[in-house]
Structures are given as C-alpha cells and as structure tokens.
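[1] any chance you could fold what I've pasted below:
(2 chains)
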Amino acid sequence: MKYILSILYIFAIPFLLVAQSDDELIDDLLGEESSVVSSTFKTSRVINGHSVEQPAKGEMDFRISHRFGQLNTGSYDLWGLDQATIHFSLEYSPLDYLTIGIGRSSYRKTYDGYAKLAILKQQAGMPFFLSYVATTEIVTLKNEIPDYEFKHRVGYVHQLLIARKFSKNFSLQLSPTLVHKNLVPEAGMKNNIMSLGIGARYKLSKRLSVNAETFLTDFGPMPEGIEYHQPISLGIDLETGGHVFQIMVTNSLPMREVGFITETAGDFFKGDIHLGFNISRTFNLHK
Amino acid sequence: MLLMLGCTALQAQKYMTKTGYIKFYSHSPIEDIEAENEEVAAILNGETGALTFALLIKSFEFEKALMQEHFNENYLESDEYPKAIFKGQIKDFSSKLVKEEGEHKVNVTGELTLHGETNTINASATLTVSKDGVLGATQFIVKPEDYRIRIPNAVRNNIAKEIEVTVRVDLQER
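    Residues are numbered from 1 along each chain as shown, chains lettered A, B, ... in the order given. Coordinates of the predicted model:
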C-alpha cells in the first residue's frame, strides 16, 4: 500500500509543479510596488518655508509669490491690496535628490540662493523623510550706515526638514533651523538665531488642501523699538492642471527664511495679517 | 527520466514575461499625453489560449512628473487601486498556433479591471511565433468614463474621451 502511495506521489510531482495558477504566477512576475511615499506636500513649500518636496530630476519650477499689505490698514488701502511685496525664483533639480534655486524679492531688494538635498525618504522600514537645506540671502537695499561692507548684507540659513505622511490626507513636518545674520539691527541682538518650524497639511479633496505653518523662534534680547513675532501662516493649496496655487494669510511680509523667521514684524493676533499667494509652474528641461 | 520529460512538457505550455510594454496615448486639440509602462507582467497559456496581464499603475512613466503625480493621485488613485489586470482568452485557439512559426492574426476577448471597475475588451492582435518565443501585439481603445475616472471641467478638453492603448509583449517559454 505504502508502495502504491509513493508511486502516486511521484507521479503527482509534475502536476504539483504546474499547479501554481496564472493569478499567483502573475503576482510573482509583477513584483512588489516601491513603498516610497509620494505627495507628502503639494509643492516645495509648506507655505513660506521649505517642504520635503522637490521638483523631479530635470524639472524647473518657476515660482511667483506676492504678499499684500496688512488687512488691518482698512478700506483706504483696500485692506492691503494696494501694496505688494513680490518674490520670484527659478528652482531646478539636476539630480533626483538635489534642487538648486535662485530668487529675488522686493523685500529689502534681496537676492537668494539655496540648495536642498534629500537624504532619507519615507518607505517601508523608514518612518520619515529627511532633507537638508542651505540658503544664502544678500540684501541689496541702499543705505547710509557708516562702514557698511558687502559682508554685512549677507545671511545664512541651515535647515533640517523632518516630515512624515501619517495618512493619505495628513502630513506633518518639523524643521529645526539655524539662521546666521552677519549684521543685526542693534547691538546686543543675536547673530545666530535658532528656530523650530512646524508645518502641517491636511488634504480636503483631491485638489485642495489646508496648510498651517509656524516657526518657534528664540529671538534673544530685543532692544526698544524693535518687535519681532513668530511667523504664523494659514493657507490652502489649490491645484489646477499645470499650476499649484497657494493662497495664504500670514503675518510675515518677507518670503525667504532670514526674513520671515527673524524679521516678521506683524503680530498675527492684532490683525497684522497679509493676504498672499504663491504660484508654481513646472517646466521640463530634459528631452 | 519520463517524469522529467513530463515535467518540462507541462511547464513549457506557459509563455510569459515581466518586461512587457504598454503605452497609452490621449490625443486632444490642446495637448497629447502619453505614458509608457515597461514592467508589464503577462502570461499566455499555450494549451488553452488563456491570457493574463497585470501592471502597476505607478510604473507608468510620463514626460512630466507633475502629470504622473496627477495621474496617480487624482485620476487612477493608485494608492487605492495599485494594479490593472486583464484576464482574457484568444478566440478559436489551438495549441498548434504557438508551435507554428510566423505571424498569426487572432481575436482576444476578456475583462479589464482598472480603478476598481471591470469592463469587457475585444481586440484583434497579432502573435508572431519564432524560435525565440511569442511576440504579441495589439491596440485597443478604453474610455476613462467606463472606469469611473472623473475628469474635471477645467481640463476636460485636455484629455481625450477615448484613450488608445498599445500593447507589446515578448513572451518566453518557461
């Protein structure tokens, strides 16, 4: 009996080998999907500050930003719309993990350049994204300060961006930041300013999300007559076919890190709020 | 020895690939959009003529990264529906067809599941049999609306109502 069974068993082997159905086989052939998380934020900025997103390799992002005057200036200035501070930039990724950008703002006639490096990506076994951003800003506004040299116009920013997409709709980012200003307005003020950025995004629909951002900043001693505040920004990201629109209310007039982290003059809770927008348009440079 | 022969004979009836090619092409007066997927898995059962195709939506590559993101996030919702699967049958199939070198015209019918919706597809295809394997090629039309893919009014004129799908698979005997 045993003998017969083993004969049967041997004959069954070839059938067992092909018993794998086409459905199972196709899954083997198809392999696993990459688990790298995408679309943590809609664009490369949460609102004012950098997000862990970057343009794809070979793509150029042209960004135009406006911040209008303060809402609490009233109807004479059409609630701030009569004034506008602008910033525009070209941001390009020569590599998958590297973006370089240059920009210019009407705020103190400032030129800026940055490099953003993606270090870690959230995926199976890696709970968060990590990027590093280095920014240099050069103020070119004329002034009458004695012994004023080029170096006094320069500020530097180092940031780590740590972000996690918790669900399809919710992403959170922490951005420990060091701002170094070669020149501060008054003696006794800090040249090195530490700040912790907190940014969040909640997706309401496929094309619309709400964002919030602040930077908790240790300003150090502030002489009389100088008053800086934490930047607080609330906004929406609205996506159309080829553009991303970010529309926000913020107490910061400047749109780059040295400015909005260390020089936000408006008090959000007193109504010193600017309406503003960023527009992002991406162009393909490869091909 | 006989067993081993039996084994290879049975296994040899399947022709397969994991590097099949599928392209889709949308033509509109405003813009042409196309995307290619070169990681398509396909199996042809050489005995029954049954066909199985599968692909990952995220493996479609577009010229513009933003388009690819929209395709995955807004239209195909690939986090929720990561795969497209086709299960079909070559009509009037006989196992001799894949043994006979040369080009054969065949008709294929089957079910395409995409974005959680399943529809019947009928297409004529060519099978080119050589000693290297079976080269299958076809072209057919899918309509986004059949697969519950909603296109907002703002871009309605940018995306064709009928999308042309081109398939090319180089199937190897295994």
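[2] neighbours around residue A:90, how many?
    Per other CB atoms under 10 Å in any protein chain shown, the neighbour tally for residue A:90 reads 14. All C-beta atoms are positioned from the backbone trio N, CA, C, and that covers glycine.
[3] does it count as helix, strand or coil?
    Following DSSP: H, G, I helix; E, B strand; the rest coil, the label given to residue A:90 is strand.
[4] dig out what it forms beta bridges with.
    residue A:62, residue A:102 (DSSP bridges).
[5] surely it meets residue A:99?
    No - using CB atoms under 8 Å, residue A:90 is not in contact with residue A:99; the gap is 10.8 Å.
[6] quick check: bridge partners of the nearest residue to residue A:160 once chain neighbours are set aside?
    Excluding the flanking residues, the one nearest residue A:160 by CB to CB, 6 or more residues apart in numbering or on different chains is residue A:176, at 5.1 Å. As for beta bridges, residue A:176 partners with residue A:196 under DSSP bridges.
[7] for residue A:155, name its beta-bridge partners.
    residue A:137, residue A:181.
[8] for burial, what's the neighbour tally of it?
    27.
[9] just checking, it touches residue A:184?
    No - using CB under 8 Å, residue A:155 is not in contact with residue A:184; the gap is 9.8 Å.
[10] tell me the secondary structure at the nearest residue to residue A:272 once chain neighbours are set aside.
    Leaving aside its sequence neighbours, residue A:272 sits nearest to residue A:266 (CB to CB, 6+ apart; 3.0 Å). Here residue A:266 is recorded as coil under three-state DSSP.
[11] residue A:59 is in contact with residue A:91, isn't it?
    No - in this structure, residue A:59 is not within contact of residue A:91 by CB under 8 Å, at 9.1 Å.
[12] run through the residues that contact residue 122.
    Just so you know, I chose chain A. Contact analysis of residue A:122 by CB atoms under 8 Å, 6 or more residues apart in numbering or on different chains lists A:36, A:37, A:40, A:128, A:129, A:163, A:164, A:165.
[13] I was after chain B.
    B:107, B:108, B:109, B:140.
[14] what's the spacing between residue A:264 and chain B?
    From residue A:264 over to chain B the distance is 31 Å, taken as CB to the nearest CB, to the nearest Å.
[15] report how many residues lie close to that residue.
    For residue A:264, using other CB under 10 Å, the count is 26.
[16] surely it touches residue A:257?
    No - counting by CB under 8 Å, residue A:257 is not a contact partner of residue A:264; they are 11.3 Å apart.
[17] what do the two both touch?
    Common neighbours of residue A:264 and residue A:257 (CB under 8 Å, 6+ apart) do not exist.
[18] who are the contact partners of residue A:160?
    Applying CB under 8 Å, 6+ apart, the residues near residue A:160 are A:130, A:131, A:132, A:175, A:176, A:177.
[19] quick check: which element contains residue B:95?
    If you go by DSSP states H and E, residue B:95 is not part of any helix or strand.
[20] name the helix or strand for the closest residue to it other than its chain neighbours, please.
    Spatial nearest neighbour of residue B:95, chain neighbours left out: residue B:47 (5.1 Å); criterion: CB to CB, 6+ apart. For residue B:47, there is no helix or strand it lies in under DSSP H and E.
[21] so where's the chain uncertain?
    No chain in the question, so chain A it is. Applying pLDDT under 70 to chain A flags residues A:1-19, A:287.
[22] wait, chain B was what I had in mind.
    Ranges of chain B meeting pLDDT under 70: B:1-12.
[23] now the strands for it?
    B:14-27, B:32-45, B:50-56, B:61-62, B:83-90, B:102-114, B:117-130, B:133-142, B:163-173 (DSSP state E).
[24] restricting to C-alpha, output the second one in CSV.
    If I follow you right, that is strand B:32-45. C-alpha atoms of strand B:32-45 as CSV (Å, rounded to 0.1, in the frame of the first residue of the first chain):
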residue,chain,number,x,y,z
ASP,B,32,-1.2,65.0,-26.5
ILE,B,33,-0.5,62.9,-23.4
GLU,B,34,1.3,59.6,-23.4
ALA,B,35,2.7,57.3,-20.8
GLU,B,36,4.7,54.1,-21.0
ASN,B,37,4.9,51.1,-18.7
GLU,B,38,7.8,48.7,-19.4
GLU,B,39,7.2,46.4,-16.4
VAL,B,40,4.1,44.6,-17.6
ALA,B,41,3.7,41.0,-16.5
ALA,B,42,1.9,38.7,-19.0
ILE,B,43,1.2,35.0,-19.3
LEU,B,44,-0.1,33.1,-22.3
ASN,B,45,-1.2,29.6,-21.6
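[25] before we move on, the earlier item: from the contacts of residue B:122, list just the buried residues.
    B:108, B:140 (16 or more other CB atoms under 10 Å in any protein chain shown).
[26] out of the contacts of residue B:122, who's nearest chain A?
    The closest of the contacts of residue B:122 to chain A turns out to be residue B:108 (CB to the nearest CB; 15.0 Å).
[27] skipping its backbone neighbours, what lies nearest residue 50 in space?
    Picked chain A for this. Residue A:50 sits nearest to residue A:133 (CB to CB, 6+ apart), 5.1 Å away.
[28] wrong one, I was asking about chain B
    Leaving aside its chain neighbours, residue B:50 sits nearest to residue B:89 (5.7 Å; criterion: CB to CB, 6+ apart).
[29] same question, residue B:65
    residue A:56 (3.3 Å).
[30] helix, strand, or coil at the one you found?
    Quick answer, by three-state DSSP: residue A:56 is coil.
[31] so the residue nearest to residue A:50 is in contact with residue A:114, correct?
    Yes - in this structure, residue A:133 is within contact of residue A:114 by CB under 8 Å, at 5.9 Å.
[32] so what sits against both of these two?
    With CB under 8 Å, 6+ apart as the test, residue A:133 and residue A:114 both reach A:50, A:157.
[33] show me the contacts for residue A:73.
    Per CB under 8 Å, 6+ apart, neighbours of residue A:73: A:79, A:80.
[34] next, it: phi, psi?
    Here is the backbone geometry of residue A:73 (degrees, to the nearest 10): phi -80, psi -10.
[35] quick one: it from chain B, how far?
    34 Å.
[36] how many neighbours does the closest residue to residue B:141 other than its chain neighbours have?
    Distance criterion CB to CB, 6+ apart; nearest residue to residue B:141, sequence neighbours excluded, is residue B:162 at 4.9 Å. Neighbour count for residue B:162, taken as other CB under 10 Å: 11.
[37] can you pull the contacts of residue B:162?
    Residue B:162 neighbours (CB under 8 Å, 6+ apart): B:141, B:142, B:143.
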